[in-house]
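Trainee: Everything below, folded, please.
(chains A, B, C and D)
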Amino acid sequence: MTILYAIFVDPFVQMAGAPDLLVQALWDGLVSGVLYALIALGFVLIFKASGVFNFAQGIMVVFAALTLVGLHEKGVPAFLALALTVAVMFVLAVGVERVVLRPLVNQPDIILFIATFGLTYFLIGFGELIFGGNPKAMITDQLFLPRGVVDVPMLGGMVSFQKIDIAAAIIASLMVAGLAVFFQNTRIGRALRAVADSHKAALSVGISLNQIWVIVWFAAGLVALAAGIMWGARSEVSFALEIIALKALPVLVLGGLTSVPGAIIGGLIIGVGEKLGEFYWGPLVGGGIESWLAYFIALAVLLVRPQGLFGEKIIERI
Amino acid sequence: MGRTGYRYLAAAVAGCLAAGAVALPAAAAEDSNFVPLFTYRTGPFSGSGIPIANGMRDYLEMLNQRDGGIGGAKIAIEECETGYDTKKGLECYEAVKGKNPVMINPWSTGITLPLIPKAKVDKIPVLSMAYGLSASALGDTFPWVFNPPNTYWDGLSMIIRYIGEQEGGLDKLKGKKLGYIYLDAGFGKEPIPMFEQFAKDLGFELKLYPVAATDMQNQSSQWLGVRRDRPDYMVMYGWGALNPTAIKEAVRINYPMAKFISIWWPSEDDAKSAGDGAKGFKELNWHGVGTDFPVIKDIQKLVVDKGLSQVAKDKVGEVLYNRGVYNSMLIAEAIRNAQKLTGKKAVTGEDVRRGLETIDLTPARLKELGMEGFTDPLKLTCSDHNGHGATFMQEWNGEKYVKVSGPLKPMTDKVEPLVQSAAKDYAEKNTGWPKRTEVCDKAS
Amino acid sequence: MNGPGPNETAMRKAEPRAERADGAPSAPPGRSTGEVLLAVENVSLRFGGVKAISDVSFDIRKGEVRAIIGPNGAGKTSMLNVINGFYHPQDGRITFKGETRSKMRPSVAAAQGIARTFQNVALFKGMTTLDNIMTGRALKMRRGFFWQLWRHGPAMAEEVEHRKFVEEIIDFLDIEAVRKVPVGKLPYGLQKRVELGRALAMEPELLLLDEPMAGMNLEEKEDMCRFILDVNNEFGTTVALIEHDMGVVMDLSDRVVVLEYGRKIADGTPDEVKRDQKVIDAYLGVAH
Amino acid sequence: MLYRETGQFKTTYAADMAVFPLRQDRIGLAVILAAALTLPFVAGEYMLSAVMIPLLIFALATIGLNLLVGYTGLLSLGTAGFMGVGAYACYKLTTFFPDVNIVVWILVSGFFSAGVGALFGLPSLRIKGFYLAVATLAAQFFLQWCFTRIPWLYNNNISGAIEVPGRTLFGEFVTGPNASAEMRYLVVLAVVALLTWIASNLVHGRIGRSWMAVRDMDIAAELIGIRLLPTKLLAFAVSSFYCGVAGALMVFLWYGSAEPEVFSINQSFLILFMVIIGGLGSLIGSFFGAALIYVLPIALKAVPPLFGLSIAAATVEHMTFMIVGALIIGFLIAEPHGLARLWQTGKQKLRTWPFPY
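Mentor: Sure, this is the predicted structure:
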């Protein structure tokens, strides 16, 4: 009986007992959810426009942040380094399209998925060769990202909001809103959605596939840069950051691989679900459950809706 | 995909026979001792791997430059990149095994464990300095494995002793609450049984916060637990990206830095990246930090300034760099003893094992090595492969680590029984674990 | 015909049939009075608001060629899917060989002896023609998992026995030449034949053909008509046929049911249906 | 000229259905098996225990995953987790019954991971395609969490890792420190050859066809009478059996001791890439894939010392990463269907050699 009590009742008693900790947990959950969503967005962008699951998105986050910090270390002033990094991501997008995507244009998606794995290996080696393997600190001050914390006395306790997290939430939501608008009502946005549905149809109406893919990979590069800055600020810029991208997988699957709002809502659900789960239920089983909890949440949802929350319904017609 | 074609071993075996059948060149001809260095300058843990690798290589290079090697025999240094991955580590071991190395420094618990049983068979001693299997401190059961100067159990006993001193006596710990955040792997879990034993004996409450390897940079929920439980002291056993992230999160929830104590692995970068909130963060250490030691000056003069090192100038003298130097000093000392014991210039793994067992760093010897004040004396014997030396607590003051405590002796009364039982348990579990047959040399 | 494989003689090429005046082979009269094999009673099928089939009843007698016709979107393929157990009708009953079926999965329908070809060919692209047809034998093969591991003993004997039966089907359909060719590489007409072969490999009692001649030229159509009639006469398999080519429908089928917007508007012999005013309106459109 | 099938006619169906219809193929196979058997006496210990044993073990795991991804079209990212189950099961079995021969336990441990694999394969009926990867990812992370969290699994060793005891086969040491590389290699070779042959039998029989039917069009398969869930679960079970045995081989005959970190998500990704680059739905492709992804980096590392260049170990590592990445993309562009298809086209060319077509 006590086990049932410990699982179903005690956590909620704890929540009521220390509401400020609950709010803090929710806030932490939201912030990591936003950051997961930001990385997941990179995956969705490329999947939506080219049907390719870009395994290299994780390493692109690291590569973008590393380029920014590496350039700054070599003496380039912060904002110039930022501009140069954006340019580097554009060159990367063009390079990827030319070398990887163009020769594999109408191959099945699983083959392109493997090509992005080759790209990951290449970027790991190239990134470490140029910028060296040692971790670097993210240049938050030079980018005028806020430092310090806002402590808000609330509900009898104290909830602290890191300024950098607030900034991360704002920037991420701006990016998401921008992308959503971009997809819905700009000409290129519509072209992107056309390409996503079928390459041949898009080609037949004169949409240049290569141009679209460069735009999409560039946009994904920008999202990767933003995610790299935010995650780098929270810990450090190093190749260990690439593991974080794995956290985007359940978000992607929960939200549906092809929907931008899905990536956001999925990110928030996973972020909050993970934090609350680990904080309240973790100690019961010795903690550390954060690593697999996200996947079980996503799995539970999938069993109810096999195509994720926002994915198109899979219709099998014979 | 028709059904023609092959379904068996077929050409893959032949195909890679050609690619892999590459004869590896033998070691240099004239008298030299081959010292392979297992390094991880790439991969997620390179932050800690690079300074250690530089420290180890530079000290040995300095010996080659200054004294023409050790006892007249040059040191053949060869780095093998493991990227802290057990697969690559074992591959490196197989690659260097043929070139009769004097000893192996695996520099990862994952790689050390499989090598422990192999050491006796291949007759190559394993030196896992302050990491690896704590039970291997017992020379009688592990004649071929050495883990000076401390085990993780010694480390914990010294941290508890230090906390006792801060509180004015170990009995004052009754009723207090201690938190333990650690990498959820063998390395992090090893001290837990002893920690729980201390909690029972001294009457304090112990709270555990495991961090999975995939979540090292995502510790907000663990630190929220710290904020909920409000432990009086936080002890950390972290590695790689875990350390900097933990320090940052502690600053975030403005946990009192003076109460945050770690085992000996965090480096200056880990604390620096958390900004000035990290002031007061403490960690154990057993060797000096900074460059004003004769041995470090020699390295700067003979190696770094001559451009023979991959280290950045300002990084010389950092915690992990000096740790690499200390590790290489042990290697050189073991080779020198082996040369003295056997009279030979080029020595084998067997000789160096005896050299390691006769290491006796007296204050006078340390002075000769240019390490006066750099570290405390250390003596290894046939049954004690660890030395259980004293360490001290150093504190991060915003720019560098400063020594803030006198020598802390490990509580050998608590550690020794644990080592004995762990060694007995290991020998039982691995049926047919060989008894010690190696001869014991008296210290020369 | 669901006993052991048919004997050699039955599989000989069918001799030319008594020709009808206009040259198309004709079905022997009087066959539509046999006992009912399949009865569909006031079946309705809805997808959300859309009524795909509403209150349709008809039967298929043993041994006859039953055609189901109607303009596009009339619910013909949905009806086949209901018979196949792929869709589950909201109301109405289906009795097959006398027993009424409860909610059922397609694999159970197949076990009862209902085989199917598809409007747009549903072959296994990753396999050769031979493998595709051998897959049709899946239900008949009994050798357990562990025999399959060993393969050389009884499992191989079973493979050879079923291979013999499949070879007869391959002869029957004249596709010996493309036996080892991956199905994806075959032209459209041949793919349709392989699909028919796969359905026949299941030795079905009721064969559902969904527009078997769509996209075929005249010569291929005649071949397919011959195959359908041979299957019906030689094996006595009951055939349910969806087809748009009125010439084929009128010549091949014993009885025809006409659907429009999911409702049955006519049911009877080809001649009756041809003269039914409602059918003409449905096809030629009515100015009202 | 040397690779012609003229004059080789099949008189019985059994002969026609043989896996190796051409005599040259059979001779080629015999030559390769002979080479594999004489390798221990020719090659040095490094070649055996650092190149050949890992290659065969990875090939076995790749075949296992190929049965699932290549033949049944079910994407799985839980391979390392299932390998872990095999390794820990074998460890527990040999601790409870130490006198039973170790090779028996290595094969028996496959059944445990087959059970776990089938369990995590259950969602495969409702979820399809990339979404199914989540169910297996959940398995991967959950199993890895169990390996660290349940001390019973590693006999409460202080080090938290499996330490492999010495076991013998025909009087010779096969596992543990004093097992010679030759013995270990021969045991691995025997197990891998046996399981490859069984996989080939499975794939050419009725079960292989029903898997491929489910892969190509599961609706049509169901309408033919193939029950989807049992077929998919069987695919998961057999695939996990192979991964379990590969896991047990890896820990007992290659590593010698293993931390849970060994069965991490990176290992799953590595094996998935071996399957796809080797060639989906081809057993020979699994060997090629394992060779390219595992052996190539080692071979590349051995190149600089050959030419006497002394490049820093780290730079060599970086270069290896870049070259392997570029090669993978290059291979995919050359032949999207993987190395197996390259091998078949090669044979095709051999058949019409020296004429162009």
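
Trainee: Let me see the ranges of the helices in the stretch 251-400 of chain B.
Mentor: Along the stretch 251-400 of chain B, the stretches classed as helices by DSSP state H, counting those that start in this stretch are B:268-272, B:294-299, B:319-342, B:349-357, B:363-368.

Trainee: err, the stretch 101-250 of chain C, not the other one
Mentor: C:106-112, C:129-136, C:145-150, C:154-172, C:188-201, C:218-230, C:246-252.

Trainee: So which other helices or strands are in contact with the longest one?
Mentor: When you say that, I think you mean helix C:154-172. Here helix C:154-172 touches helix C:129-136, helix C:145-150, helix C:188-201, helix D:13-16, going by 3 or more Cβ pairs under 8 Å, 6 or more residues apart in numbering or on different chains; DSSP states H and E. (Glycine included, C-beta is placed from N, CA and C.)

Trainee: picking that back up, show me the one of the helices of the stretch 251-400 of chain B that comes nearest residue A:192.
Mentor: Nearest to residue A:192, of all the helices of the stretch 251-400 of chain B, is helix B:268-272, at 41.5 Å by Cβ to Cβ.

Trainee: Centre of the chain to that closest one, how far?
Mentor: On the basis of Cα atoms, centre = their mean, to the nearest Å, helix B:268-272 sits 19 Å off its chain's mean C-alpha point.

Trainee: thinking again about what came up before, identify whichever of the helices of the stretch 251-400 of chain B lies nearest to chain C.
Mentor: Nearest to chain C, of all the helices of the stretch 251-400 of chain B, is helix B:349-357, at 47.7 Å by Cβ to the nearest Cβ.

Trainee: need the helices of the stretch 101-250 of chain C in a markdown table with distance to residue B:329, can you?
Mentor: A markdown table is the format used below for the helices of the stretch 101-250 of chain C (distance: least, Cβ to Cβ, whole Å):
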| stretch | distance to residue B:329 |
| --- | --- |
| helix C:106-112 | 73 |
| helix C:129-136 | 69 |
| helix C:145-150 | 60 |
| helix C:154-172 | 68 |
| helix C:188-201 | 77 |
| helix C:218-230 | 88 |
| helix C:246-252 | 95 |
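
Trainee: Residue ranges in chain B under the pLDDT threshold?
Mentor: Chain B contains residues with pLDDT under 70 at B:1-30, B:443-444.

Trainee: Which parts of the stretch 151-300 of chain A are strands?
Mentor: For the stretch 151-300 of chain A, the strands defined by DSSP state E, counting those that start in this stretch cover A:157-162.

Trainee: Contact residues of it facing chain D?
Mentor: A:246, A:249-250, A:253, A:257, A:285-286, A:288-289, A:291-292, A:295-296, A:298-299 (Cβ under 8 Å from any Cβ of the partner chain).

Trainee: Filter those residues down to the buried ones.
Mentor: Those of those that meet the buried threshold are A:246, A:249-250, A:253, A:257, A:288-289, A:291-292, A:295-296, A:298-299, by 16 or more other Cβ atoms under 10 Å in any protein chain shown.

Trainee: Using pLDDT, spot the least trustworthy of those residues.
Mentor: When these are compared by pLDDT, residue A:288 scores lowest at 76.

Trainee: these two touch, right, it and residue B:184?
Mentor: Yes. The pair residue A:288 / residue B:184 is scored as a contact, 5.0 Å apart, by Cβ atoms under 8 Å.

Trainee: Give me the common contacts of those two.
Mentor: Jointly contacting residue A:288 and residue B:184 under the rule Cβ atoms under 8 Å, 6 or more residues apart in numbering or on different chains are B:210, B:211, B:212, D:148.

Trainee: The residues you listed: which two are farthest apart?
Mentor: Pairwise distances across the shared contacts of residue A:288 and residue B:184 peak at 11.4 Å for B:211 and D:148 (criterion: Cβ to Cβ).

Trainee: one step back: tell me which of the helices of the stretch 101-250 of chain C sits most buried.
Mentor: helix C:129-136 (a mean of 26; mean count of other Cβ atoms under 10 Å in any protein chain shown).

Trainee: Check which helices and strands that helix sits against.
Mentor: When contacts are defined as 3+ Cβ pairs under 8 Å, 6+ apart, helix C:129-136 packs onto helix C:154-172, helix C:188-201, helix D:206-216, helix D:218-224.

Trainee: got the contact list for the first one?
Mentor: Pointing back at helix C:154-172 there. Helix C:154-172 is contacted from outside by C:5-6, C:11, C:13, C:129-130, C:133-134, C:136-137, C:140-143, C:147-148, C:176, C:179, C:197, C:200-201, C:227, C:230, D:12-14, D:17, D:205-206, using Cβ under 8 Å, 6+ apart.

Trainee: switch to 7 Å and redo it
Mentor: C:5, C:11, C:130, C:133-134, C:137, C:140-141, C:143, C:147-148, C:176, C:179, C:197, C:200-201, D:13-14, D:17, D:205 (Cβ atoms under 7 Å, 6 or more residues apart in numbering or on different chains).

Trainee: Give me the mean pLDDT for it.
Mentor: Helix C:154-172 comes out at a mean pLDDT of 88.
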